[in-house]
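Asker: Here's my sequence, what's the structure:
(one chain, ligands or ions: 1)
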Amino acid sequence: MSNYHIKHLEEYWQVYRKSVRNPENFWEEIAEEHFLWRKKWDKVLSWDFKKPEVKWFEGAQLNITENCIDRHLATRGDKTAILFEPNDPDEGAQHITYNQLHKRVSTMANVLKEQGVAKGDRVCIYLPMIPELAIAVLACARIGAVHSVVFAGFSATALATRINDCDCKIIICSDGSYRGTKTIDLKSIVDEALDQCPGISTSLVVKRTGGTVSMKAGRDKWLAPLLETANSACKATIMDAEDPLFILYTSGSTGKPKGMVHTTAGYMVYSAYSFKNVFQYREEDVYWCTADIGWITGHSYIVYGPLCNGATTLMFEGVPSYPDFSRFWEIVEKHKVTQFYTAPTAIRALAKENLDYVEKHDLSSLKVLGTVGEPINEEAWHWYNDHVGKKNSPIVDTWWQTETGGIMISPIPYSTPTIPTFATLPLPGIQPTLMDENAQEIKGNQVEGRLCIKFPWPSIARTIYGNHDRYRDTYFSAYQDMYFTGDGARRDAVGYYRITGRVDDVIIVSGHNLGTAPIEDAINEHPAVAESAIVGFPHDIKGNALYGYITLKQTGEARNQDNLRKEINQLITDRIGPIAKLDKIQFTVGLPKTRSGKIMRRILRKIASKDTSNLGDTSTLLNPEVVQEIIDQALI
Ligand code: 7RM
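Answerer: Below is the predicted model:
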């Protein structure tokens, strides 16, 4: 029996039981056998969910890039590590071997050192999906700098907030990016952000589009000439197991984004282990995850997990619709992709298009299909299964979070029988449970509750950067001695989990988590706006779309409503990014409120989803009369 590579259901259960009976032993065996350590640990695990504090492999020393790169050079030096597929198919794919990756990461690491970056410093990375992004991430890890990747679709304000929150001293960015037919001027977004970031001394600029950019003397430097002259050998900085590896921001239901801190050893072990099993990865495979490295999925399952296993990981710069809707399938055919991992929102968008786009391509290389980011609806699941997998590739519906660092609940393909919309069973080492309204654990099957995790796993985020109290309040205070996920879930008759969605004010739009509060804050900045409330409503492609109820100040009431709508969406775009734009904006005379002044979002959600038959008890409202008025004028 192998703990590291599960091959059938019986083995899964054996491994799972062992992992729960003796977690320390279980993870120790995996860590011993499959990774390169400079020094072994003194203690496998210490934890206390009250503090909260979790430490894995304390006393151990390592560098994750030695595990992702150096370790493979003897046996896989000429194997493709990163397979880059550019936005424009005519530009041609790039194969970066493990040997080449070793050189490029080392060179970039030396440039960072020359620029004064030292172990523990935070480095912001704001790049499109080009090889330099993965290389920059690994270069930071090489020298023990903490990377903070910000998705290059975020606005200047969002970027500045993230840079300042964790006090980055340097940013790696590019002149621009390509997305389908569009060329985006990223450098000017960075320039605008840096006006608000006094802590940034240097910005290193990758040339991608060749567009004209302004370079601020003393601060902005083209990366290429620095790489030319830098040494291509860089010894890895030896890190302690619990040294931070990266910070990644995720939206909360309130307040500013949370900088989740992941540490080195536990994250490495778990991302590698889960990658191997969930994708049943084998040496000859070509693995493709369509996420952006700006999200946790890209961190764990484009960069760290695959490279730790010596895999070939495909990085795609473009969009599914360019040059046309067959792009994904063309890439699968061209590179003989074996595992394909994407989001339900992408599947729904592609399922709307002509079937020819899929059918004209040979997808027979595929062995495993994955989804992540939000619940997948049955229709999308079947389309994926029938037309992409040809009913021949198991679908892994993988549930996890930025905070969990790796996949938590997922089928193991070819072992776990799948059921549409079910994430099915916990991976080894993961102990999920459901809690009821009275904070009691719900035992047995065919039950529904709030999803919690009872025991630490190696890649749990250790804190929120600069705000440990918020970390405790958000994840460990709702239920004693449990990590609370913020999601609801059902457990069916055989113990399979089905994630039902967020139970807080986070709305998932096209797989992006959006907190309602920051959007409302942006709207409320508009001088004509008195108050606003955002809710989600079902959307064919995006899963959820955003519906805004906005009350205007008296001065705003005379204004043209279409103009106001445009200005409000522009404000949201400026403050957060275009992904947070509202699909519908209803100007209302008031918002339904409880007597303590809380907006009753429950009612607004129902109205936005055309479900007004049973609004529940509205008599406790401060202003029950506004409800009917809102219904009468609803934009549905
Ligand atoms: C990996 C990622 C986390 C939230 C999470 C859920 C939702 C993710 C699934 C899912 C149903 C899934 N990290 N979510 N995967 N819901 N089924 N397979 O997405 O931090 O960006 O989002 O996403 O609500 O709490 S994330």
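Asker: Any regions of the chain where pLDDT drops low?
Answerer: 1-2, 253-255, 595-598, 619-620 (pLDDT under 70).
Asker: is stretch 460-476 anywhere near the ligand?
Answerer: No - residues of stretch 460-476 are not located near the ligand by C-beta under 6 Å from any ligand atom, the shortest gap being 10.1 Å. All C-beta spots, glycine's among them, are computed from the backbone N, C-alpha and C.
Asker: same check, this time on stretch 326-342
Answerer: No - legend: contact between stretch 326-342 and the ligand by C-beta under 6 Å from any ligand atom is lacking; minimum distance shown is 10.6 Å.
Asker: mind listing what's buried in that stretch?
Answerer: Buried residues in stretch 326-342, counted by 16 or more other C-beta atoms under 10 Å: 326-333, 335, 337-342.
Asker: measure the closest residue to the ligand within the stretch 1-150 of the chain to residue 105 for me?
Answerer: Closest to the ligand within the stretch 1-150 of the chain is residue 149: 13.1 Å, counting by C-beta to the nearest ligand atom. Residue 149 is 15 Å from residue 105, where distance means C-beta to C-beta, to the nearest Å.
Asker: Check residue 614 too.
Answerer: Residue 614 sits 58 Å away from residue 105, going by C-beta to C-beta.
Asker: the more surrounded of the two?
Answerer: residue 105 (27 against 6; other C-beta atoms under 10 Å).
Asker: doesn't the more buried one fall inside a helix?
Answerer: Yes - if the criterion is DSSP: H, G, I helix; E, B strand; the rest coil, then residue 105 is within a helix.
Asker: residue contacts, it?
Answerer: Neighbour list for residue 105: 65, 69, 135, 138-139, 142, 234 [criterion: C-beta atoms under 8 Å, 6 or more residues apart in numbering].
Asker: what residues does this protein put near the ligand?
Answerer: 250, 295-297, 372-375, 397-402, 423, 485-487, 499, 502, 508, 513.
Asker: Buried subset of these as a ChimeraX selection?
Answerer: Here is the ChimeraX command that selects only those of the residues of the chain next to the ligand that count as buried (16+ other C-beta under 10 Å):
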select :250,295,296,297,372,373,374,375,397,398,399,400,401,402,423,485,486,487,499,502,508,513
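Asker: Which ones among the residues of the chain next to the ligand lie within helices?
Answerer: 296-297 (DSSP state H).
Asker: just the strands in the stretch 51-200 of the chain please.
Answerer: For the stretch 51-200 of the chain, the strands defined by DSSP state E, counting those that start in this stretch cover 53-58, 61-62, 80-85, 94-97, 122-126, 146-149, 170-174, 177-179, 182-184.
Asker: nope, the stretch 401-550 of the chain is what I was after
Answerer: Counting by DSSP E, counting those that start in this stretch, the strands of the stretch 401-550 of the chain are 432-435, 441-442, 447-453, 463-464, 483-491, 497-502, 506-509, 512-515, 529-539, 543-552.
Asker: State the number of residues packed around the nearest residue to the residue of the stretch 1-150 of the chain closest to the ligand once chain neighbours are set aside.
Answerer: Among residues not flanking residue 149 along the chain, residue 125 sits closest, at 4.5 Å (C-beta to C-beta, 6 or more residues apart in numbering). Applying other C-beta under 10 Å, we find 25 residues neighbouring residue 125.
Asker: which residues touch residue 125?
Answerer: Neighbours of residue 125 in contact, by C-beta under 8 Å, 6+ apart: 133, 136-137, 140, 147-150, 171-173.
Asker: one more time with 6 Å
Answerer: 136, 147, 149, 172 (C-beta atoms under 6 Å, 6 or more residues apart in numbering).
Asker: Drop anything exposed from the residues you listed.
Answerer: Buried members of these, counted by 16+ other C-beta under 10 Å: 136, 147, 149, 172.
Asker: and of those residues, the nearest to residue 278?
Answerer: Residue 278 lies nearest to residue 149 out of those, by C-beta to C-beta, at 22.1 Å.
Asker: close enough to count as contact, the closest one and residue 292?
Answerer: No - using C-beta atoms under 6 Å, residue 149 makes no contact with residue 292, being 9.0 Å away.
Asker: so who does residue 221 touch?
Answerer: Contacts of residue 221 by C-beta under 6 Å, 6+ apart are residue 204.
Asker: And it, which helix or strand is it part of?
Answerer: strand 220-222 (DSSP states H and E).
Asker: Could you do residue 44 as well?
Answerer: Using DSSP H and E, residue 44 falls in strand 43-48.
Asker: How far off centre is that strand?
Answerer: Offset of strand 43-48 from its chain centre (C-alpha atoms, centre = their mean, to the nearest Å): 27 Å.
Asker: buried residues in it?
Answerer: 44-45.
Asker: and that strand, which strands flank it?
Answerer: Next to strand 43-48 in the sheet, as set by DSSP bridges, lie strand 53-58 (antiparallel).
Asker: Restrict the partner strand to CA atoms and write it as PDB.
Answerer: Extracted C-alpha coordinates of strand 53-58, given in PDB (Å, rounded to 0.1, in the frame of the first residue of the first chain):
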ATOM      1  CA  GLU A  53      -1.700  28.300  16.200                       C
ATOM      2  CA  VAL A  54      -0.700  25.500  13.900                       C
ATOM      3  CA  LYS A  55       2.900  24.300  13.200                       C
ATOM      4  CA  TRP A  56       4.000  21.500  11.000                       C
ATOM      5  CA  PHE A  57       7.400  19.900  10.800                       C
ATOM      6  CA  GLU A  58       8.900  22.300  13.300                       C
END
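Asker: Direction-wise, compare it with strand 483-491 and give the angle.
Answerer: 90 degrees (axes from the mean of the first three to the mean of the last three C-alpha atoms, to 10 degrees).
Asker: List the contacts of strand 53-58.
Answerer: 41-43, 45-47, 241-242, 265-266, 456, 458, 460.
Asker: any idea how far residue 151 is from the ligand?
Answerer: Computed as C-beta to the nearest ligand atom, to the nearest Å, the residue 151 to the ligand distance reads 11 Å.
Asker: Tell me who's in contact with that residue.
Answerer: 292, 294.
Asker: again, only this time at 7 Å
Answerer: Applying C-beta atoms under 7 Å, 6 or more residues apart in numbering to residue 151 gives the contacts 292, 294-295.
Asker: Then residue 78?
Answerer: Counting by C-beta under 7 Å, 6+ apart, residue 78 has contacts 97, 99.
Asker: repeat that with 10 Å
Answerer: Listed by C-beta atoms under 10 Å, 6 or more residues apart in numbering, the contact set of residue 78 reads 95, 97-100.
Asker: and if you look at residue 115?
Answerer: 123, 169-170, 172, 201-204, 221, 226.
Asker: that older thread, tell me, what's touching residue 149 and residue 292 both at once?
Answerer: By C-beta under 10 Å, 6+ apart, the residues touching both residue 149 and residue 292 are 127, 133, 298.
Asker: which residues sit against stretch 614-629?
Answerer: Stretch 614-629 is touched from outside by 549, 551, 588-598, 600, 602-604, 606-607, 612, 631, with contacts defined as C-beta under 10 Å, 6+ apart.
Asker: Among these, name the ones in helices.
Answerer: Counting by DSSP H, these contribute 602-604, 606-607, 631 to helices.
Asker: Just the buried ones from the residues you listed?
Answerer: For those, buried by 16+ other C-beta under 10 Å: 603-604, 606-607.
Asker: where's the residue of the stretch 101-250 of the chain at minimum distance from the ligand relative to residue 205, distance?
Answerer: The stretch 101-250 of the chain approaches the ligand most closely through residue 250 (4.9 Å), counting by C-beta to the nearest ligand atom. Using C-beta to C-beta, residue 250 is found at 27 Å from residue 205.
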